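In: Pasting a predicted model and its sequence here:
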Amino acid sequence: MKSIISKGKNIDEAIHAGLEILNASKEMVNVEVMQHETKGFLGIGSKMAIVKITKPSVSSPLDKVINNFIVEMDVLSEGKEEDPDTVNSINLINEQMERIDNDELEGKVWISNGKLYCRTSLERYPTVTIHPNIKLYKNNVLVKEKTTIISEQNTYEMEIENEVKETKWRVSIDKHKLKVHLSIEPGYKIVRSIPDMDAVHHLELKAIEKKEIVNTLNYYKVLQKLTALEIKYGLNRSEILKALETSEPGTFEIAAGMIPTKGKDGWVELKVESEMQEGPKEKEDGSIDFREYRTIPNVERGMVIGILHPPIPGQPGCTVCNEILPAKPVFPVTLRAGKGTTLIDHKIIAKDFGRPLIEKRGRLVQVKVIPKLTCKDNVNLASGNIHFSGDVEVMGEVEKNMIVEAEGNIIIKKTVTNAFLTSFSGGVISYGNIIGSEISVGKNNMLITELGHLLGNIHQNVEKMIAVIKQLTNSQAFKTNDFSRGGLQPLIRILLEKKFINFPPLVKKYVEVVNRGEKFLDDDNWKVIGVSLSQVFLSLTNEVASIDGISHISQQMKELVDFSVTPVEPDSFITIPSVLNSKLYCSGNVLVIGKGCINSKIHAGGLLKISGVLRGGEVYGRLGVDINESGAESGTLTIIAVPSDQTIRIKKVMEGTTIKIGNIKYTFKETRRNIVARLNANDRMVFE
């Protein structure tokens, strides 16, 4: 069935035009009027007549021939000889089919068995659009147009472009030579073919394609590459096989070295309890529970305080290139058996009765047994000041202008009034209030910190001086004068006068601090460095100074500076109920667990925690500050400070309180609660 849309000035003209196109008479078609003609006004708005003409399908002559043939075949008897009339009928069918096929192929193009065929007619030439990956040659000349006209007068050949991509792969080694990775991207092969296509007036010349993943990498190529890279250790053959079989891009670990196992530095295994309890605790009603205090057990003569263990070396590793990777070095403990102890067969033995004092600073471990002095009454003019190389326990008060100085812990059961308490390497616990007094704890650590800071500045200047001296000694002018024969002393004097004017005062300050705190220094190297610096940079000695000698002094200074910044275990502490008009300095934590702190100055090298109120004064916590309430309704000036990397926490803050984090300050003008203050990444104070 064929249908066309035909237009004309009127219905008759539209029908006539359609009949001519269909090559049919009016009796052979069905006509449907879709639009009548309209004339419009002066030709404006006129419309043409539109009709739809449908030509029903009719049986072709071939159909009639075939039907007649089938009827004739049905009536033929089975087994009879072939009738000549039947043969003539078959030949007639073939002739008519060929004639009809030729009529249907007129003006069309088709593909059969990979070849292009066409049939032109007087009315129409077939056309072809060429798609990618296909080349069409006309008379052996490549057709460059995308769409071209096909003619029987020419010969045509088609060429298909297949595609092959090689497998990409590479072997990489990490910078430590501990892992080898094989990265692979399998290749592929695309095979294209042109299918048979039915005859049409316009043919889209497309290829169908089949993609096949082709991993061309083989085991021999991988081994060749590994050999070229000198990879000999830790091959993982199963991972290599996985890489050879993969159809997806991926990375495979095909070899791995052995990481060195970590050893263990030497250590002291303690056989006695040495940690100091934090002292009395606050009850829910705010009172102090004295029963919570427990003393550390003492040791008796001959008891084993600890066992000194040697370092355990780690096991070396191996790179994938079979190179030995040494384990990190391990170091022994530097043990100083102080008074009351001795070392026998790697065992620390107590020689005296007392409390074991074990102090760790890096790899340095100092062990002492310190005695305990108990004052059963008040410390006053009658008892005199107390200076004791051990622990001191005062059962009464410490009265006005009295001094209690101890190497270890100081325990006061009652009030401290206008007195001075100093613990060099222990802690202070008071069950009574602190009024108008000064408490200093961890003085040994304070001294080492101060000396380390001074020595750090001196070390920087000495390093600069060494660089200048080396530069001058390499110049021709220096080699031709007397400096090379008389040593560096004259040159050092000139440098101190011209370039390093502030250096001698630094050395003098260091020597003064060493001399003042000599009795608190367990390490003689602090004093030795002071003597060496004085001889080289302060004295008028004619002793020849060399660059090697100054470099040796510089190295010793660096070791002491590093030692000074190493944390001490355990650190010092102060635990008291309340403090009024006093000064407290501690290298560790300060805990005020009673009513609070009034008009006092506190410096804590660790955490500062005040469970009560803080009114007036200035406090500092190197590891942060935690306060229940600060300031007063009267606006009393109260300053709370921490370093830039720490946090201030206050449950209730009132007017007059100033907080300082690093160099950033903030003063509260009104009462606020649950303050958590810190600095953000832009050094701006933020409240959480």
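Out: Looks like it arrived, so ask away.
In: Output the contacting helices and strands for the helix ranked longest in the chain.
Out: The single longest helix within the chain, with elements called by DSSP state H, is helix 443-473. Helix 443-473 sits against helix 489-498, helix 503-516, helix 525-533, helix 547-564, with contacts defined as 3 or more C-beta pairs under 8 Å, 6 or more residues apart in numbering; DSSP states H and E. (Glycine included, C-beta is placed from N, CA and C.)
In: which one of those lies closest to G605?
Out: G605 lies closest, by C-beta to C-beta, to one member of those: helix 547-564, at 13.0 Å.
In: Can you pull out the residues in contact with that closest one?
Out: Under the criterion C-beta atoms under 8 Å, 6 or more residues apart in numbering, residues 361-362, 364, 448-449, 451-453, 455-456, 458-459, 462-463, 465-466, 469-470, 473, 488, 523, 525-526, 528-529, 532-533, 536 lie in contact with helix 547-564.
In: Any quick PyMOL command for the buried ones out of those?
Out: Remark: buried members of those, expressed as a PyMOL selection using 16 or more other C-beta atoms under 10 Å:
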select buried, resi 361+362+364+448+449+451+452+455+456+458+459+462+465+469+488+526+529+532+533+536
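In: now the closest residue to E245 other than its chain neighbours: how far from G187?
Out: Excluding the flanking residues, the one nearest E245 by C-beta to C-beta, 6 or more residues apart in numbering is N215, at 7.2 Å. Distance from N215 to G187, counting by C-beta to C-beta, to the nearest Å: 7 Å.
In: which neighbours do these two share?
Out: T167.
In: Next up, the contacts around the closest residue to D352 other than its chain neighbours.
Out: Of all residues not flanking D352 in the chain, G340 sits nearest, at 3.8 Å (C-beta to C-beta, 6+ apart). G340 sits next to A350, K351, D352, G354, K368, V369, I370, P371 when contact means C-beta under 8 Å, 6+ apart.
In: now V686
Out: So V686 contacts A677, R678, L679, N680 (C-beta under 8 Å, 6+ apart).
In: any idea which of the residues you listed has the most stuff around it?
Out: When neighbours are taken as other C-beta atoms under 10 Å, the top entry among the contacts of V686 is A677 (22 neighbours).
In: Now do the residue lying closest to that one once chain neighbours are set aside, the pLDDT please.
Out: Closest residue to A677 apart from its sequence neighbours, by C-beta to C-beta, 6+ apart: I648 at 4.6 Å. pLDDT recorded at I648 is 95.
In: Repeat that for T38.
Out: For T38, the predicted pLDDT is 78.
In: In this model S46 seems to touch it, though I could be wrong.
Out: Yes. At 5.8 Å, T38 and S46 qualify as touching, with contact defined as C-beta atoms under 8 Å.
In: related to what we said a few turns ago, just the angle for the longest helix of the chain relative to helix 503-516, thanks.
Out: Relative orientation of helix 443-473 versus helix 503-516 (axes from the mean of the first three to the mean of the last three C-alpha atoms, to 10 degrees): 150 degrees.
In: now the angle between helix 525-533 and helix 443-473, please.
Out: Going by the same axes, to 10 degrees, helix 443-473 makes 30 degrees with helix 525-533.
In: Please state the offset of helix 443-473 from the chain centre?
Out: Its chain's C-alpha centre and that of helix 443-473 lie 35 Å apart, by C-alpha atoms, centre = their mean, to the nearest Å.
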